[in-house]
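Enquirer: Starting from these lines, generate the structure:
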Amino acid sequence: MNPPSPRFERLDAARALAMIWMACFHFSFDLANFGFTHQDFYRDPLWTRQRIAIVSLFLLCAGVGQALALEGGQSWHRFWRRWLQIAGAAVLVSIGSALMFPHSWISFGILHGIALMLIATRLAAPLRRWLWPLGAAAIALPLFVQSAFFDTRWTDWVGLVTHKPVTEDYAPIFPWLGVMLWGLAAGQWLLAHRRAWLAEAVPRALAPLARLGRWSLPFYLVHQPVLIGALLAWRATMGR
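Expert: Reported below is the predicted structural model:
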């Protein structure tokens, strides 16, 4: 039996930062959705740009995590075990969103995207320095290639759409695969040239953040039901 891989606390802390930022973003969305505030999360740059930043941080961390897993000798068997957890969670998100938002349910959100992109990044890992231009090409592709063929629930996961679909979360392969490829390339470079930047422990004050970052998937699945439940209880006490 292989010994457990060492934790890279700095990566865990960065992932936790994305998790907390995401929870704050979703809480703000929930406040607007229940009518407590009036914010436009679909067009206001204050919110749309935050979403881009949050998703980018998550995918960069996922890419770096793939570099660490591959260096640690993660087998395909272990990879698929983790992949099934993510894919299963994506299915739960689709079901839950369909119950709450029947007209804008999530058919291909961040977890769906991560599930497919993890496979692609693992297969692309041997390209090493070529991951940088490949990632740039993936990010740029939707700017130059769009087709109405991709404007359906069955094909919009590719990302080459002519308009964004009506959905509560959308993280298609293009351009987001490029961000994860950059994360993978950055992780490989850091392991080869600046390993201490990843391997050193975080300051003691940030240790709780690093511990939280180890539970990203459960946190993602639980935080919205908890927030929504709290707001529903609050609204009930206010008689609204």
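Enquirer: In this protein, mark out all the helices, start to finish.
Expert: 9-33, 45-71, 76-100, 110-124, 131-144, 173-193, 195-199, 207-212, 216-238 (DSSP state H).
Enquirer: In CSV: those, plus mean neighbour count.
Expert: Heads up, the C-betas are built off the backbone N, CA and C, glycines and all. Below are the helices of the chain laid out as CSV (neighbours: other C-beta atoms under 10 Å):
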stretch, mean neighbour count
helix 9-33, 19
helix 45-71, 19
helix 76-100, 14
helix 110-124, 20
helix 131-144, 16
helix 173-193, 22
helix 195-199, 13
helix 207-212, 16
helix 216-238, 13
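Enquirer: Let me have these in a markdown table, extended by distance to Asp156 and mean pLDDT.
Expert: Below are the helices of the chain laid out as a markdown table (distance: least, C-beta to C-beta, whole Å; pLDDT from 0 to 100):
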| stretch | distance to Asp156 | mean pLDDT |
| --- | --- | --- |
| helix 9-33 | 21 | 96 |
| helix 45-71 | 16 | 97 |
| helix 76-100 | 14 | 95 |
| helix 110-124 | 11 | 97 |
| helix 131-144 | 11 | 98 |
| helix 173-193 | 10 | 98 |
| helix 195-199 | 35 | 93 |
| helix 207-212 | 32 | 94 |
| helix 216-238 | 22 | 91 |
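Enquirer: so which of the ones you listed comes closest to Val161?
Expert: Val161 sits nearest to helix 131-144 of all these, at 7.8 Å, using C-beta to C-beta.
Enquirer: Just the residues contacting the closest one, thanks.
Expert: Identification of contacts with helix 131-144 by C-beta atoms under 8 Å, 6 or more residues apart in numbering yields 124-125, 127, 159-161, 173-175, 177-182, 184-185, 188.
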